[in-house]
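>>> Requesting a structural model of the entry that follows:
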Amino acid sequence: QNMAELLGLGDECREGASGAPALAGSCLADNRLNLDVYPDGCRWFLQLFKERRGEVVQVEFLRLSSNDRLLGATLGILPHLKHLKSLVLKGGHARDEFGSCQHGSLTSLPPGFGNLRCLTHLDLSFNSLSTLPSCILHLPSLRVLLVSHNSLVALPEDFGSLSKLTFFSAMKNQLKDLPQSIGELAVLQDLDLSENALEFLPEEVGNLHNCTELDLSGNRLSSIPDSLANLKSLRRLHLHSNLLVTVPASLASLPNLSRLDLQNNCLRAIPPEIQTSPFVRLRGNPLGETEPSLHADESSARELRRLFLASGEDSFTVTSEGCKVVLACGIHFYFPPGSASDPLRIYFRTIAPDPQWVKLRHHDVLLSRVLELQPHGVKFQQEVQIWMPCASPQTLHQREVVVRTFSGQSWSDLRTRVEQKRKSKKHVAHCSVLHFSWFLVVSRLVQNECKVPTEGTLLFSSVDPNIKVTFPPGVTEETRSVKLQVLPVSVEEIEEITADAGCRASPLLCLSQDSLVDFLRPVRIQLPLPPGVTGLNLDRSRLHLLHGNLEGQTWDDITGQVVLEFTHLYAVFEVTHFSWYWLWYTTKTYIGGIAKKVYERLRMYQVNFIALQRKKDPEQVLLQCVPKHKVDPVLKKLQDRYRGPEPSDMVEMFEGEQFFAAFERGISIDMDRPDCVDGRLSFIFYSHLKNMKEIYVTSPVDRKGQAVKGQVSFYRGAVPESIPEDANRRRKGPDSLWLATLPIKLPRLKPRWGENPSPLNGFCFPPLNLGNAETGYLTQANLLSIARRVGADWQNIGLNLGLSYQQIERIGYNNREDLDKQILDMLFSWAQQNSEDPDCVNKLITAMKESGRQDIADEVETIVELGRQKYRDSIRRVGLEQESSTEDSATAM
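Numbers count the residues shown, from 1 in each chain. Predicted structure coming up:
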């Protein structure tokens, strides 16, 4: 595409001989240059200035992206644009690895910038400014200034010198205070300082007599000055989400005030004049909308409840007053007041994803376990907010994170915002819902969508703005929704997979719509030419347009079936139905097969298997499937507590693929484990979740005389349904399922207790049932199994269980020189003391975690969950579930 067309400068503009745009006077008749939608807009601007300087210096309206790598060179030219009236240097045009807008690189402006005497509008939002450039204060005509989404901590003391400023926005910065000179902005009408760190306001704010809207929400204000009552022109005052404990009664007398938002503060004493005003919003304060004469203890009762649930709890009650709930796994809920009209019991659980019903789409990456909330389908009066912890998506580029929910029939994506906790730096996905069901967090390809009316429209890709789809007028009789996703493919990936340095491919374009009817008129699609290919060196015989079905199973060469038009940078063609389109440049003949192979490989992950044994107890084995790039960090983290062989050779796996671990050659495991299938441990590979299990192994071989040299082998299981047929076919046969084998060595040991406890010199095990029927029992056999995993940590575990130092010393002395009996005596002594405690199982789990034995804690939780499930199944079979729930509710009341 020629440069004039690229810049949207009119059909009369043509490309010059040197490759720069030949800008005629008519091309800049409106004196505008909008280059911020192009990833290399600064390059075009520099070239334009070099070859058509006379026209460029007349520009009055200029937009550039501050995400551009050539921004620094461009800034030096800006002072030459003496006629410039409006300048936009915004970031946010690029996205980071988890789909959030990326701030621009702008940190300062050149000194000569203050010479732009005609500049009235300046937008520097979404940048990296820590201080406001001093040259801005020398812009005599500036009326509108936007510096939102930066890192400003203060404004200059002489900020009030911008005497003509009518609009100022500094939202989402780090401002802690304001200069007194802000009161000198006599003509300021709109002031937005929301989401900063302001703790107080200067009295001079009351001098902004022309201010009509003032937004101070999301700060740390505990009070506001009385001088705000002088703002007679004020119409809207936003003070929500602060720390206000009181407000001046004089605010109610402002003659033009139509909205005063005081929600989510700490107001305990609200003047009657304000409380009775119809334009005041008060929800979310300790006092709510009650009379201000309530006593402090009554007011405290009205505060939003906070519920912190322990690991063993699986339900809570929501009332009409609302509440905040924090689960032990880190999931947060916010139920606003009025969300539930009557008391409602909510049941929850987090479960491992099952590929049979968690259907990931192509190139989806799972970032969390599945959260189930019951009752299914319950509808709330107001949206309930959910924060779900998720794996860090830092290695995922050109993607976005969404919460996906299951309606009982299909999965759909919710509008999601990704946040990062300040202290832990962990990521959480935040969404709002009106119904409860199943939820999980995934990372997907960035999705752009729009409604296509009968008048037609234009759809760009936010990943690559050079990709666009044009819908002409009359393309459809009824409005339909279309979606666009782009999968960038690097030159290095193509060369590695095809072993052909001459192969090139454009980004893969995935188009879909909500209608089964073809478009009435051809839709025009523009794709960039593959890297290194331009209209000047294009060999059309090597260019192939491929059409793929919606599962990527087949790729057909449709080059001869469409009319391909070429410009300097793009290929353009027309279609009447949507599918996947891929532009290839190669000398290969069977290009469809090559594309199929490349697409299959792009969906795979290179992984290694590790099998490590705990140094203190070699019978505890840790198994994990680790993506190749994470192997070294994982091993470094585990090296102090574990030892073992080198990781396996690299293998390739799909997201959501099942695999098994089988212990062989004299090593066995507990066959009663719920994740044990035909004697093998079952795993599901998810690239961003921990595919790890720590288990206890035994050997039927007599180890008194010699060590046991066994092994663990990994085998493929069921592959996801969406895997290509060829990939599935290659995994058939006796040897194709084997993945890797790693050695396991059990050292020679003195005899340990067996399944029958009687040979232990009279040591007896009293019958025990810890817990209750509903939560599941821990039996004598369970405790024996746990004891075999404890090892030398028994004293620390005993102390965390609540045994005294004297008890620990006595157990050690009575069973000296016999570690096995020390462990058994400690565990069963504690069990007998706590057999009547209904919460004893949770205490055991907590003690194991506090002792650094997460492996045993996980094992106990698995046993308890299995018992709980069996109990629920039995209740459901005899039809007592509803009756039991009713009794529980009555008991809770």
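>>> Distance of residue 199 relative to residue 177?
Computed as CB to CB, to the nearest Å, the residue 199 to residue 177 distance reads 7 Å. To be clear about C-beta, it is placed using only N, CA and C from the backbone, and glycine gets the same treatment.
>>> and if you look at residue 490?
47 Å.
>>> So which of the two has more stuff around it?
Legend: neighbour count by other CB atoms under 10 Å for residue 490 and residue 177, higher for residue 177 (15 against 10).
>>> quick one, strands of the stretch 1-150 of the chain?
In the stretch 1-150 of the chain, the strands defined using DSSP state E, counting those that start in this stretch lie at 14-15, 21-22, 32-34, 61-65, 86-90, 94-95, 101-102, 121-123, 144-146.
>>> Let's have those strands in CSV, adding mean neighbour count and distance to residue 715.
What follows is those, written out as CSV (neighbours: other CB atoms under 10 Å; distance: least, CB to CB, whole Å):
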stretch, mean neighbour count, distance to residue 715
strand 14-15, 16, 60
strand 21-22, 20, 61
strand 32-34, 18, 57
strand 61-65, 21, 50
strand 86-90, 21, 53
strand 94-95, 18, 39
strand 101-102, 16, 42
strand 121-123, 19, 58
strand 144-146, 19, 59
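>>> How many residues are close by residue 674?
11.
>>> hang on, I meant residue 536
7.
>>> mind checking the SS state of it?
coil (DSSP: H, G, I helix; E, B strand; the rest coil).
>>> excluding its backbone neighbours, what's nearest it?
residue 568 (7.0 Å; CB to CB, 6 or more residues apart in numbering).
>>> Wait, that neighbour touches residue 535, no?
Yes - using CB atoms under 8 Å, residue 568 is in contact with residue 535, at 4.1 Å.
>>> Show me this protein divided up by domain.
Per the record, the chain has its domains at 32-281, 306-445, 465-589, 604-720+736-746, 780-875, by the TED database.
>>> now the first one, how far from the chain's geometric center?
Taking the mean of its C-alpha atoms, domain 32-281 sits 29 Å from the chain's own mean (CA atoms, centre = their mean, to the nearest Å).
>>> now swap in the last one and tell me
Distance of domain 780-875 from the chain centroid (CA atoms, centre = their mean) equals 37 Å.
>>> Wasn't residue 830 part of a helix?
Yes - under three-state DSSP, residue 830 falls within a helix.
>>> and it, how far is that from residue 789?
Counting by CB to CB, the gap from residue 830 to residue 789 is 16 Å.
>>> Secondary structure element for the residue nearest to residue 536, which one?
According to DSSP states H and E, residue 568 maps onto no helix or strand at all.
>>> Check the one 5 residues further on too.
For residue 573, the host element (DSSP H and E) is strand 570-575.
>>> in its sheet, what does that strand sit against?
Within its sheet, strand 570-575 is paired with strand 523-528 (antiparallel), strand 565-566 (antiparallel), according to DSSP bridges.
>>> got a list of contacts for the next helix or strand after the first one?
In this case it means strand 523-528. For strand 523-528, the succeeding helix or strand toward the C-terminus, using DSSP H and E, is strand 543-548. Contact partners of strand 543-548, identified using CB atoms under 8 Å, 6 or more residues apart in numbering, comprise 533, 554-559, 562, 564, 571, 573, 579-586, 591-592, 595, 599.
>>> from the residues you listed, which would you call buried?
533, 555, 557-559, 564, 571, 573, 580-586, 591-592, 595, 599 (16 or more other CB atoms under 10 Å).
>>> hey, what's residue 693 bridged with?
Residues in beta-bridge contact with residue 693 (DSSP bridges): residue 623.
>>> Look at it and report its pLDDT.
Reading off the confidence values, residue 693 has pLDDT 88.
>>> got the contact list for it?
Neighbours of residue 693 in contact, by CB under 8 Å, 6+ apart: 622-624, 661, 675, 681, 683.
>>> quick one: least confident of those?
Minimum confidence in these sits at residue 675, scoring 78.
>>> give me every residue that touches residue 849.
residue 857 are the contacts of residue 849 under CB under 8 Å, 6+ apart.
>>> What lies in contact with stretch 239-255?
216-224, 226, 228-229, 231-232, 234, 237, 257, 260-271, 273-274, 277, 281, 284.
>>> next helix or strand past the helix or strand bottoming out on mean pLDDT in the chain?
Between all helices and strands in the chain, the lowest mean by mean pLDDT, DSSP states H and E belongs to helix 296-301, at a mean of 34. Note on helix 296-301: by DSSP H and E, the next helix or strand toward the C-terminus is strand 305-308.
>>> Pairing partners for whatever helix or strand comes next after that next one, with directions?
Downstream of strand 305-308, the next assigned helix or strand under DSSP H and E is strand 315-318. According to DSSP bridges, strand 315-318 has the following sheet partners: strand 344-351 (antiparallel).
>>> any idea how far the strand it pairs with is from the chain center?
22 Å.
>>> buried stuff in that strand?
Buried-residue list, strand 344-351, by 16+ other CB under 10 Å: 344, 346, 348-350.
>>> Tabulate these in CSV, adding columns for pLDDT and distance to residue 81.
Below are those laid out as CSV (pLDDT from 0 to 100; distance: CB to CB, whole Å):
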residue, pLDDT, distance to residue 81
344, 86, 62
346, 89, 60
348, 90, 59
349, 88, 62
350, 89, 57
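>>> Stretch 242-252: which residues count as buried?
242, 244, 247-248, 251-252.
>>> Quick one: mean pLDDT over it.
84.
>>> quick one: terminal-to-terminal distance for it?
19 Å (CA to CA, to the nearest Å).
>>> contacts for stretch 163-170?
Under CB under 8 Å, 6+ apart, the answer for stretch 163-170 is 125, 140-148, 150, 152, 155, 184-193, 196.
>>> which SS class is residue 206?
Residue 206 is classified as helix under three-state DSSP.
>>> what secondary structure does the closest residue to it other than its chain neighbours sit in?
Residue nearest to residue 206 in three dimensions, not counting chain neighbours: residue 227, with 2.6 Å by CB to CB, 6+ apart. Secondary structure state of residue 227, per three-state DSSP, is helix.
>>> and the gap between residue 227 and residue 620?
In terms of CB to CB, residue 227 sits 68 Å off from residue 620.
>>> So between the two, which is more surrounded?
More crowded of residue 227 and residue 620, by other CB under 10 Å: residue 620, with 23 against 18.
>>> That one contacts residue 614, correct?
Yes - Residue 620 lies in contact with residue 614 (CB under 8 Å); the separation is 4.1 Å.
>>> Give me the common contacts of those two.
residue 791.
>>> helix, strand or coil for residue 496?
Under three-state DSSP, residue 496 comes out as helix.
>>> Low-confidence stretches in the stretch 451-600 of the chain?
Residues of the stretch 451-600 of the chain meeting the criterion pLDDT under 70: 550-552.
>>> Show me the strands in it, by range?
Under DSSP E, counting those that start in this stretch, the stretch 451-600 of the chain gives strands at 457-460, 468-471, 480-487, 504-505, 508-513, 523-528, 543-548, 555-557, 565-566, 570-575, 580-585.
>>> neighbouring strands for the third one, and are they parallel or not?
In the sheet, strand 480-487 lines up against strand 447-452 (antiparallel), strand 508-513 (antiparallel) (DSSP bridges).
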